[in-house]
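1. no FASTA, just this:
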């Protein structure tokens, strides 16, 4: 695994165990103790953990894994989901993307399209996003018009939240909202762990003609703390082949089009 994949694993391990030993961690990951020491030092410099003699402990403040260290999780599945979701977005439309690793892959899939703008002029797509990393990646694409919501930035997800973001979204009309979620369930609907992110996602869904939820199979049939929208607001669920067939059937029976990429 590369350095960023290894950092991702280290952050997950320290969050779960509370503390890690250099020697034991090196054996577990199959790398040298010198490599683990460097990893711990670099993560400590970024205030993602606390360095101790012979190891490291979880930072005193509870945190979600920052997005840049999550990209390796289920990457092939998320890329397939993203390609399928991007194919559903018509050329010339205005599409909202929230933050997250799967929607970041959707943004990359949209960026790789070569659709002409309406009448052969102008942007092929307008992307409205509250995710700083997505805006950063897309702003250099001449065929995509990027609009950000503004708001207060969350380090854990690079998402902009708060009244500035909601105020902006209340003024726009969206053709499609492509939403990454922490969980989706027939009874509870789509949901997120953080109530501020859920509020922005909820408004994106309300302002869009069509809502596409992108979620790998591990998120189906689950509930998270803050509800984004009821299942009746979701037009399409794009998931992967790991999604249990009975879960896919339940969503289909609830009127959601299910695509298993």
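-> Nice, thanks for sending it over. All values reported here derive from a predicted model rather than from experimental measurement.

2. buried sites along the helix or strand bottoming out on mean pLDDT in the chain?
-> None of the helices or strands of the chain scores lower by mean pLDDT, DSSP states H and E than helix 3-17, at a mean of 84. Buried positions in helix 3-17, judged by neighbour count with 16 or more other C-beta atoms under 10 Å: 6-11, 13-15. The way it works is simple: take the backbone N, C-alpha and C, and place the C-beta from them, glycine included.

3. ok, which stretches of the stretch 151-261 of the chain are helices?
-> 163-169, 195-207, 245-253 (DSSP state H, counting those that start in this stretch).

4. where are the low-confidence patches of this structure?
-> 60-74, 116-122 (pLDDT under 70).

5. let's check: the centremost residue of it is which one?
-> residue 100 (1.3 Å; C-alpha atoms, centre = their mean).

6. about what we covered before: and the next helix or strand past the least confident helix or strand of the chain?
-> strand 19-21 (DSSP states H and E).

7. so which bits of that next one are buried?
-> 20-21.

8. go on, stretch 215-234?
-> 215-217, 219-221, 224, 226-229, 231, 233-234.

9. also stretch 94-113?
-> 94-111.

10. now go through these and say which are in helices.
-> 101-111 (DSSP state H).

11. return the most buried member of the helices of the stretch 151-261 of the chain.
-> The highest average neighbour count among these, using mean count of other C-beta atoms under 10 Å, belongs to helix 195-207 at a mean of 22.

12. figure out how far that one is from the centre of its chain.
-> With C-alpha atoms, centre = their mean, to the nearest Å as the basis, helix 195-207 stands 14 Å off its chain's centre.

13. picking up where we left off before, residue 26 versus the residue nearest to the centre of the chain, what's the distance?
-> Here residue 100 is placed at a distance of 31 Å from residue 26 (C-beta to C-beta, to the nearest Å).

14. got it, and residue 35?
-> In terms of C-beta to C-beta, residue 35 sits 7 Å off from residue 26.

15. one more: residue 232?
-> 51 Å.

16. what's the answer for residue 128, then?
-> Counting by C-beta to C-beta, the gap from residue 128 to residue 26 is 45 Å.

17. same question for residue 124.
-> In terms of C-beta to C-beta, residue 124 sits 48 Å off from residue 26.

18. same question for residue 53.
-> 16 Å.

19. cool, residue 233 as well?
-> Taking C-beta to C-beta, one finds residue 233 at 48 Å from residue 26.

20. returning to that earlier point: between residue 53 and residue 26, which one's more packed in?
-> residue 26 (18 against 5; other C-beta atoms under 10 Å).

21. now render the buried residues of helix 3-17 as TSV, adding distance to residue 261.
-> Shown next, in TSV, are the buried residues of helix 3-17 (distance: C-beta to C-beta, whole Å):
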residue	distance to residue 261
6	28
7	28
8	23
9	26
10	30
11	28
13	30
14	33
15	29
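
22. ok, which pair from these is furthest apart?
-> Spatial extent of the buried residues of helix 3-17 (C-beta to C-beta) is set by the pair 6 and 15 at 14.9 Å.
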